[in-house]
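Undergrad: What follows is a predicted structure for the sequence shown.
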Amino acid sequence: NVSGPCSGGYYCPEGTSTPTPSTSVCPKGYQCPEGSAAPLQCSDGMRTNSSGQSSCTTCPAGSFCMGAATLPCPMGYYCPDGTGSNWSPCPVGTFSDQPGLQQERECQPCPQRFYCNSTAATNFTGSCSAGFFCTSGNWRADPVDSAAGDVNGTLQCRLHQPVGGECQPGFYCPEGSAYQGSCLPGTFTNTSRQPRCHSCPPGHYCPMQTSDYADNVCPTGHYCPANTTRA
């Protein structure tokens, strides 16, 4: 005769004579609600962190839970509450070289001078291309000018907005630039995306950040060799 249900935290196969059988304690990674004939494995993103549990609980942020295992979220990903095998990758323009991230904001923006063009990156991809500058969070080696409103060629709402762009006339950007460098007096660039400044031609003068030397004609009665800085 049945005398009552199996207690929560235990399972009672046919023929069990006690509601709390010592040989049928619900194992870790399983749940045994009242009346269980067999343990039920916790679903992905749920866990029991000890034996004898009647219900599974949500996997904590920074970890992922599968079966009886609770493990740190792997590098390149973040794991909010309830993560199982569905790790959330850090987006392009960011990376993570540390395990146990809980939310996207913990992914690190790609550092200055570099770009990160893959999701779930654990390191940056490479250096910013010559003629461009990469200040933070870039996912292209040749980011479009941020002032144009179309940074890196795409418009989207992002937690980590990229900062970078193409070098403007009057400036220069060698490979791996974090910022635009001003052309020094006696030099110029008259087009964008230049990796170096050019010598001011004879007959003209070029002050700091010269982008067009054509109007800077050497005054009558003066001599202006190449690299002249002022009239």
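TA: That came through fine. The shown structure was predicted, so the numbers you read here are calculated from the model rather than taken from an experiment.
Undergrad: And the residue nearest the centre of this protein?
TA: When C-alpha atoms, centre = their mean is applied to the chain, the residue found nearest the centroid is residue 94 (1.9 Å).
Undergrad: and the nearest residue to that one once chain neighbours are set aside, what does it touch?
TA: Using C-beta to C-beta, 6 or more residues apart in numbering and skipping the chain neighbours, the partner closest in space to residue 94 is residue 107 (3.9 Å). The way it works is simple: take the backbone N, C-alpha and C, and place the C-beta from them, glycine included. By C-beta atoms under 8 Å, 6 or more residues apart in numbering, the contact set of residue 107 is 78, 90, 91, 94, 95, 96, 101, 160.
Undergrad: coming back round to it: beta partners for the residue nearest to the centre of the chain?
TA: For residue 94, the beta-bridge partners are residue 109 (DSSP bridges).
Undergrad: got it, and residue 65?
TA: residue 70.
Undergrad: Counting neighbours, what do you get for it?
TA: Other residues near residue 65 come to 27 when the count uses other C-beta atoms under 10 Å.
Undergrad: Hmm, residue 48 and it touching each other?
TA: No: the criterion here is C-beta atoms under 8 Å, and residue 65 misses it with residue 48 at 9.5 Å.
Undergrad: Pull up the overlap in contacts between those two.
TA: Counting by C-beta under 8 Å, 6+ apart, the shared contacts of residue 65 and residue 48 are residue 42.
Undergrad: OK, contacts around residue 86?
TA: With C-beta under 8 Å, 6+ apart, residue 86 has these contacts: 44, 45.
Undergrad: okay, stretch 58-66 in CSV with CA atoms only?
TA: The C-alpha trace of stretch 58-66 is given here as CSV (Å, rounded to 0.1, in the frame of the first residue of the first chain):
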residue,chain,number,x,y,z
THR,A,58,19.1,30.0,-12.2
CYS,A,59,22.7,29.8,-13.1
PRO,A,60,24.5,32.9,-11.7
ALA,A,61,25.9,35.7,-13.9
GLY,A,62,29.5,35.2,-14.9
SER,A,63,29.1,31.4,-15.2
PHE,A,64,27.4,28.9,-17.5
CYS,A,65,25.6,25.8,-16.2
MET,A,66,25.2,22.5,-18.1
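Undergrad: I would like the residues contacting that stretch, please.
TA: Taking C-beta under 8 Å, 6+ apart as the rule, stretch 58-66 contacts 42, 44-47, 70-73, 79-85, 87, 100-103.
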